[in-house]
Structures are given as structure tokens and as C-alpha cells.
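Colleague: What follows is a protein structure lacking sequence information:
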């Protein structure tokens, strides 16, 4: 095997400074001690759950809150009030009560 092929195959698994073609293709296994040390320091066990999306960020998990819903209600109220007020001003532009 060529060294570049080994680098490409192990590129996603092993950090490049630890996995050199000489160490990987040595055969004895003694040169892999830096690699073993690196992987022994990584955290063990299940990965923490990833929170993604709007629902996951605001409505699920430890940060669950009704604030986005309240913000949506206030925003809709503000937009509708602004539209209603402008329509009322247009009504009074040419006609008095």
C-alpha cells in the first residue's frame, strides 16, 4: 500500500500527527503507544444528546420555556395593532367621525 492511501483511509479516525505511515505499517505494534494514549484520554460512555432546531432548543430538555410562545403572541399583537392603527388613520384622512 502507498503511504498516501493509508493516510486517506485513516484520516477520519486518527489525528494526522499521531498516525504516520511508518507507525501504522510497522507491524510490531510498539509504535502505536502514542495512538493508544490519545484514545485512552477521550471520554468514555454515551455521547451527550445534541439539541438542534427551534423545538429542541426552546421546548425540550433542560432549557424548556414558554418564552418563545409569549414572544410570538406579543409580536402578532404588535403587528396587528400597527396595521389596525394605520387603517384607522387612513379612514380619518378623508372622513371625519
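Modeller: Here it is on my side, so go on. Just so we're clear, the structure is a prediction, and the values are computed from it rather than from any experiment.

Colleague: where exactly do the helices run in the chain?
Modeller: 3-10, 21-24, 33-40, 53-58, 67-94 (DSSP state H).

Colleague: And the third one, what's buried?
Modeller: Going by neighbour count (16 or more other CB atoms under 10 Å), the buried part of helix 33-40 is residue 35. For the C-beta atoms, the positions are set from N, CA and C on the backbone; glycine is no exception.

Colleague: quick one: average pLDDT of it?
Modeller: In this model, helix 33-40 carries a mean pLDDT of 80.

Colleague: do the same with the shortest one
Modeller: Throughout helix 21-24, pLDDT has a mean value of 61.

Colleague: Same question for the first one.
Modeller: For helix 3-10, the mean per-residue pLDDT is 69.

Colleague: What is the end-to-end distance of stretch 38-49?
Modeller: End-to-end span of stretch 38-49 (CA to CA, to the nearest Å): 24 Å.

Colleague: Would you mind listing the buried residues in that stretch?
Modeller: Buried-residue list, stretch 38-49, by 16+ other CB under 10 Å: empty.

Colleague: which one of the helices of the chain has the most crowded surroundings?
Modeller: Of all the helices of the chain, helix 21-24 has the most neighbours on average by mean count of other CB atoms under 10 Å, namely a mean of 15.

Colleague: could the helices of the chain go into JSON lines alongside distance to residue 46?
Modeller: Output for the helices of the chain, formatted as JSON lines (distance: least, CB to CB, whole Å):
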{"stretch": "helix 3-10", "distance to residue 46": "25"}
{"stretch": "helix 21-24", "distance to residue 46": "29"}
{"stretch": "helix 33-40", "distance to residue 46": "17"}
{"stretch": "helix 53-58", "distance to residue 46": "18"}
{"stretch": "helix 67-94", "distance to residue 46": "29"}
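
Colleague: per-residue pLDDT, residue 47?
Modeller: pLDDT, residue 47: 79.

Colleague: do the same with residue 30
Modeller: pLDDT, read off for residue 30, is 63.

Colleague: Check residue 51 too.
Modeller: pLDDT, residue 51: 72.

Colleague: I'd say it and residue 62 touch.
Modeller: No. At 9.1 Å, residue 51 does not count as touching residue 62 under the criterion of CB atoms under 8 Å.
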